[in-house]
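Visitor: generate a structure from the sequence data that follows.
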Amino acid sequence: MKSFNTNAICVPDRHYMVDTSQKVERIISRFIEKDKYFTINRARQYGKSTMMSAIRERLRDEYYVLSISFEWAEALFKSDYYLADGFVKLTAKQMELIDFPEELRRRWMRPLDKERAFLDLDDRITELCQNSPREIVLMIDEIDNATDHKLIMLFLGLLRDKYIRRSAGMDSTFKSVILAGVYDVKNLKIKIRDEGGASL
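Guide: Okay, here's the model as predicted:
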């Protein structure tokens, strides 16, 4: 028996849903297949997580999709090491669920260099994407929960720099990155500056 759901991800077999299959196909063809990094931002209870789930399901036979959330990740923003290490652990957990190659997962999980955590993460992403038998799509939900932390701008800057270097043939990185939240990610820098009193 199907019911209406307004509290979490909608499941087609259990909930009444609008057919979003055409929208999912447009997102894949216009953005993911063209190696884009992009955001999905809408108000709460407008189906962002359900859309992310539909995209993940549609991609799983062709790509490795690492889907994580910052919903409860306040503790990750104590330092660059905590954030880099937390990102590695969250994505490693996803690797287990999608039957990622064990040797790649093991190397991904090796201890990070605490003195150069983001540089180590940069190298690790390159190694992972160079050696993966499939291209990797990264999805981060609830990106808004990181907006009070300047470290998120450094993390997003690392992803952006790798995207630019990849475009120039100088690096390997995720095929596509999708950030989902209530606010447009372009506003994160403004929000940090307004609330934290510091300019990035």
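
Visitor: from here on, just use CA atoms for contacts and neighbour counts.
Guide: Fine.

Visitor: now the helices for this structure?
Guide: 21-27, 48-59, 80-97, 102-108, 117-131, 150-167, 188-196 (DSSP state H).

Visitor: how far does the second one sit from its chain's centre?
Guide: The gap between the average C-alpha position of helix 48-59 and the chain average comes to 12 Å, counting by CA atoms, centre = their mean, to the nearest Å.

Visitor: which strands and helices sit next to that helix?
Guide: With contacts defined as 3 or more CA pairs under 8 Å, 6 or more residues apart in numbering; DSSP states H and E, helix 48-59 has these neighbours: helix 21-27, strand 64-69, strand 176-181.

Visitor: neighbours around residue 28, how many?
Guide: 18 (other CA atoms under 10 Å).

Visitor: count of neighbours near the nearest residue to it once chain neighbours are set aside?
Guide: Counting by CA to CA, 6 or more residues apart in numbering, residue 28 lies nearest to residue 55, which is 7.8 Å off, once chain neighbours are set aside. Per other CA under 10 Å, the neighbour tally for residue 55 reads 21.

Visitor: gap between residue 55 and residue 75?
Guide: 28 Å (CA to CA, to the nearest Å).

Visitor: same deal with residue 54?
Guide: Applying CA to CA to residue 54 and residue 75 gives a distance of 29 Å.

Visitor: ok, those two, which is more surrounded?
Guide: residue 54 (18 against 10).

Visitor: and the pLDDT at the residue lying closest to that one once chain neighbours are set aside?
Guide: Leaving aside its chain neighbours, residue 54 sits nearest to residue 24 (7.1 Å; criterion: CA to CA, 6+ apart). We note a pLDDT of 93 for residue 24 in this prediction.

Visitor: mind listing what residue 24 touches?
Guide: 51, 54, 55 (CA atoms under 8 Å, 6 or more residues apart in numbering).

Visitor: kindly indicate which of those residues lies nearest residue 160.
Guide: residue 55 (21.8 Å; CA to CA).

Visitor: roughly how far does that closest one sit from residue 30?
Guide: 13 Å.

Visitor: kindly report the same for residue 172.
Guide: Taken as CA to CA, the span from residue 172 to residue 30 is 21 Å.

Visitor: compare those two and say which is more crowded by neighbours.
Guide: Neighbour totals were compared for residue 172 and residue 30, and residue 172 leads with 20 against 11 (other CA under 10 Å).

Visitor: if I pick the residue nearest to the more buried one when sequence neighbours are not counted, what's in contact with it?
Guide: The shortest distance from residue 172 to any non-neighbouring residue, by CA to CA, 6+ apart, is to residue 126 (4.9 Å). Residues near residue 126 by CA under 8 Å, 6+ apart: 171, 172, 173.
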